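# Got a predicted structure here, sequence first:
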Amino acid sequence: MANYQIDEIDRKILSFLVGNARMPYLEIARECNISGAAIHQRVKKMESSGIISGSRMVIKPAAIGLNVCAFISVNLSEDNKYPEVVAALKHVPEIVECHFVTGKAALFLKVYCFDNEHLMNILINTIQRIPYVLSTDTMISLDEAFSREVWVKDYKSTSFKTITV
């Protein structure tokens, strides 16, 4: 795998794009004191080397009626069945994140639901019915204090390995 060495300009570009993925390249170019074409080339290099994997719209869940955010730890009856359980969880649209974690649980999920009844239905009739799910423990978020993307502003020169898809 090839390495891509990011420099100070790349870090600035990443910082602007994390703050606003729709920021025009010409505006970033002005801030970085280089040409718009150079920004475009650098972004393309970072995309092809796997540092940037795309951009997306961020929707506020409550704005579309998803008023309950919950975190669910999942214990498995057989830890080696993790791939099968994850494959089943991918089909549950309410689950927006799934992490394989250390500690007492095997998986940690982030879920958005319309209300507590919806959450209970997802737990009892979906997640807990997946083979090899032994038990769950649910925490309901009362407030999201903050949320952000990866922090890139002050990273020193870093080498990133190319990701092969």
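That came through, no problem.
# mind listing the strands for this protein?
3-5, 68-76, 95-100, 107-113, 133-140, 159-161 (DSSP state E).
# How far off centre is the longest one?
Mean C-alpha position of strand 68-76 versus that of the full chain (Cα atoms, centre = their mean, to the nearest Å) differs by 16 Å.
# Each with direction, which strands does it pair with?
Here strand 68-76 has these sheet partners by DSSP bridges: strand 107-113 (antiparallel), strand 133-140 (antiparallel).
# how about the last one: buried residues?
Burial within strand 133-140, assessed by neighbour count using 16 or more other Cβ atoms under 10 Å, is assigned to 133, 136, 138. All C-beta spots, glycine's among them, are computed from the backbone N, C-alpha and C.
# So which of those is the closest to Tyr82?
Distances from Tyr82 to those, taken as Cβ to Cβ, are shortest for Val133 (11.0 Å).
# about what we covered before: can you list the strands paired with strand 68-76 in CSV and add mean pLDDT and distance to Gly36?
What follows is the strands paired with strand 68-76, written out as CSV (pLDDT from 0 to 100; distance: least, Cβ to Cβ, whole Å):
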stretch, mean pLDDT, distance to Gly36
strand 107-113, 98, 37
strand 133-140, 98, 46
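# Throw those into CSV and include distance to Lys81, thanks.
Listed next are the strands paired with strand 68-76 as CSV, based on distance: least, Cβ to Cβ, whole Å:
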stretch, distance to Lys81
strand 107-113, 11
strand 133-140, 9
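# looking at this protein, which helix or strand is least sure?
Every helix and strand in the chain was compared by mean pLDDT, DSSP states H and E; the lowest is strand 159-161, with a mean of 50.
# Show me what the closest residue to Ala106 other than its chain neighbours is bridged to.
What sits nearest to Ala106 in space, not counting adjacent residues and going by Cβ to Cβ, 6 or more residues apart in numbering, is Leu76, at 4.6 Å. Leu76 forms beta bridges with Val133, as assigned by DSSP bridges.
# my read: Leu76 touches Val133, true?
Yes. With contact defined as Cβ atoms under 8 Å, Leu76 reaches Val133; the gap is 6.5 Å.
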